[in-house]
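**Student:** Curious how this folds, go ahead:
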Amino acid sequence: MEIFRNLAVGAVAAALISGGASAADRGRKTPEPPPPLPPAIQQGQSSRILGFERIVMQIPVGAEIGAVTCGGLSPKRPVYMTRTMMDFDPSTYRDVFVREAAAAGYPVDNPAASLFKETNRNGAQLVVGAAIVRQYLDVCEVHVRPGEVNLFFTNGSKGNAAFEFQVFDVLDRKVVWKGTFEGNGSAKGFADQSVPAAMHVAFQSAAQKMLRDPGFVAAATAALPTVATTAEPQDELKPPPHRIPHRPLSTVAFSQDVASARNQVVTIFAGTGMGTGFYITPELLLTNDHVVDNSKLVKIKTIGGKEYVGEVLRSNKRRDVALVRTEPLPISGVPMRLEDPAIGSQVYVIGSPADQALQGTVTSGIVSSIRVFKPSGSYFTGKFIQSDVAINHGNSGGPMFDERGNVIGISDLGLGDSGNQGLNFFIPIAEALDILNIQIDAPIAAAAANPKKVSTKP
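**Tutor:** Residues are numbered from 1 along each chain as shown. As a prediction, the model looks like this:
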């Protein structure tokens, strides 16, 4: 039988080796946690919000990663790494990391802390990942021979591992710190349970050291970029009114003024993901709530390649819309048409599908329907513009234009992942403005008939 099943949560295939001398002990895993350490962040000290994203194995194939003691006078059987780099399920390691980070005094983002995805989310500003770069675990195996049957038990697992931690700044979009720390761990029980439990304890021990390393503390307590505004109090039902200037509707065909429309559309980076947004004034832009993903600050990249920090002012999860403010850009914002488009009319979408390198991609289609329904996985029933215009991951939060270049909707979701094609849904712009309580000033009569004029590229 092979050894070390679920080593470091599935790292090496192995056989089941029981873990104890009695039936009552079978399957019991008793990790021995390291002693607690004092906090790294003192009361009143400011720190960025931490999250944990990924753990991988980066031990070379052929490296010795442990041994099995066969009991009695039998020699140890070494175990070697047989696979290349692999990912593990980060959930159990995330739980360990979040617990230790909180104990060390850091604010944390823990999506698993609540039964409800809308709560207990802070929006990680620094995301931590870990790679297991070295490990050695001893598994103590005991042979029992009642009659003619061989039974295999273990008294537990113990050993050590080295973890390289990397810290990713979600605003700067780069790794800002890395360090390697060792940890020791032991646990009792079946091998397939005691081995990962021992690795979790080793990870816990290494994480305790990492969270208190001066270099990591400096990265975590570095000042955030400043934004000229302060986020408004959140009210999911109805925030206070926010007035914006009126812009006359465009009378120019979209195809004749694509460049102006693309200049208003940006890529938004939040957490470890990305989406699209568009300006409605020189400093305010709209996107999806799921794009900003509980972040307080996001990174904005214009079609011209310039980057800005944006602050999330308002968001509404039920309608999946958010309002972000940046410093004023040399643009005017898009014209918006609040009436529902006609079924069968031509529409266009601009966004960053799949990759930021594809920023400014334009696709076209028609309005398939205007319908009220509840999307799969949502708890909200609302009005949507249905269209066959192509969108992909990354288009979320981007604008839908009518044939005259007026925004009529916001890209929200598609059913293409379930094998369907051309079933994409957009939030009507009037509903997005209403739920965020963004009110447009009354038009000036002299300007109402003028075609849109958009300033130069930001």
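**Student:** which residues of the stretch 151-300 of the chain fall in helices?
**Tutor:** Listed in chain order, the helices of the stretch 151-300 of the chain (DSSP state H, counting those that start in this stretch) span 191-211, 214-221, 258-263, 289-292.
**Student:** could you give the mean pLDDT of the first one?
**Tutor:** The predicted model assigns helix 191-211 a mean pLDDT of 88.
**Student:** All further residue positions should be reported with the first residue as 858.
**Tutor:** That works, and once the first residue is 858, the last one we named lands at helix 1048-1068.
**Student:** got the CA positions of it in CSV?
**Tutor:** Taking Å, rounded to 0.1, in the frame of the first residue of the first chain, the C-alpha atoms of helix 1048-1068 are listed here in CSV:
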residue,chain,number,x,y,z
ALA,A,1048,-2.2,8.7,8.4
ASP,A,1049,-4.6,10.2,5.8
GLN,A,1050,-5.9,12.6,8.6
SER,A,1051,-2.8,13.1,10.8
VAL,A,1052,-0.5,13.9,7.9
PRO,A,1053,-2.5,17.0,6.6
ALA,A,1054,-3.3,17.9,10.2
ALA,A,1055,0.4,18.0,11.0
MET,A,1056,1.1,20.1,7.9
HIS,A,1057,-1.6,22.6,9.0
VAL,A,1058,0.1,22.9,12.4
ALA,A,1059,3.5,23.4,10.6
PHE,A,1060,1.8,26.1,8.5
GLN,A,1061,0.3,27.7,11.6
SER,A,1062,3.7,27.8,13.2
ALA,A,1063,5.3,29.4,10.1
ALA,A,1064,2.5,31.9,9.7
GLN,A,1065,2.9,33.1,13.2
LYS,A,1066,6.5,33.9,12.5
MET,A,1067,5.7,35.5,9.1
LEU,A,1068,3.0,37.8,10.6
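**Student:** Tabulate the helices of the stretch 1008-1157 of the chain (TSV), appending mean neighbour count and distance to Leu1215.
**Tutor:** Yep, even glycine has a C-beta here, placed from its N, CA and C like the rest. Shown next, in TSV, are the helices of the stretch 1008-1157 of the chain (neighbours: other CB atoms under 10 Å; distance: least, CB to CB, whole Å):
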stretch	mean neighbour count	distance to Leu1215
helix 1048-1068	26	36
helix 1071-1078	17	31
helix 1115-1120	19	12
helix 1146-1149	24	16
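**Student:** Show me how the record splits the protein into domains.
**Tutor:** Domain ranges of the chain: 880-1078, 1099-1297, per automatic domain parsing.
**Student:** Just name the most buried of the ones you listed.
**Tutor:** Burial of the domains of the chain is given as mean neighbour count (mean count of other CB atoms under 10 Å); domain 1099-1297 ranks first at a mean of 20.
**Student:** first vs last residue of it, how far apart are they?
**Tutor:** From its first residue to its last, domain 1099-1297 covers 9 Å (CA to CA, to the nearest Å).
**Student:** ok, now stretch 1082-1101?
**Tutor:** 26 Å.
**Student:** now do stretch 910-919
**Tutor:** Terminal-residue distance, stretch 910-919 (CA to CA): 28 Å.
**Student:** bridging residues for the closest residue to Val1033 other than its chain neighbours?
**Tutor:** Nearest-residue entry for Val1033: Asp1026, 4.6 Å, with adjacent residues in sequence omitted and distances by CB to CB, 6 or more residues apart in numbering. Using DSSP bridges, the bridge partners assigned to Asp1026 are Leu983, Lys1031.
**Student:** Tell me how far Asp1026 lies from Asp1150.
**Tutor:** Distance from Asp1026 to Asp1150, counting by CB to CB, to the nearest Å: 16 Å.
**Student:** which ones are touching Gly1201?
**Tutor:** 1223-1224 (CB atoms under 8 Å, 6 or more residues apart in numbering).
**Student:** again, but for Gln992
**Tutor:** The neighbourhood of Gln992, defined by CB under 8 Å, 6+ apart, consists of 865, 916, 922-923, 1016-1019, 1056, 1059.
**Student:** Dump those to CSV, plus distance to Arg1171.
**Tutor:** Converted to CSV, the contacts of Gln992 look like this (distance: CB to CB, whole Å):
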residue, distance to Arg1171
Ala865, 43
Ile916, 47
Ile922, 51
Gly923, 53
Gly1016, 51
Asn1017, 49
Ala1018, 45
Ala1019, 45
Met1056, 43
Ala1059, 44
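**Student:** tell me which of these is nearest to Asn1252?
**Tutor:** Here the nearest of the contacts of Gln992 to Asn1252, counting by CB to CB, is Ala865; it sits at 37.2 Å.
**Student:** in which helix or strand would I find the closest residue in space to Arg940 that isn't next to it in sequence?
**Tutor:** Spatially, and ignoring its direct neighbours in sequence, Arg940 is nearest to Val918 (6.8 Å; CB to CB, 6+ apart). Of the helices and strands defined by DSSP states H and E, none includes Val918.
**Student:** Could you report the distance from Val918 to Pro1105?
**Tutor:** For Val918, the distance to Pro1105 - CB to CB - is 66 Å.
**Student:** Would you check the distance separating stretch 1147-1156 from the middle of the chain?
**Tutor:** 10 Å (CA atoms, centre = their mean, to the nearest Å).
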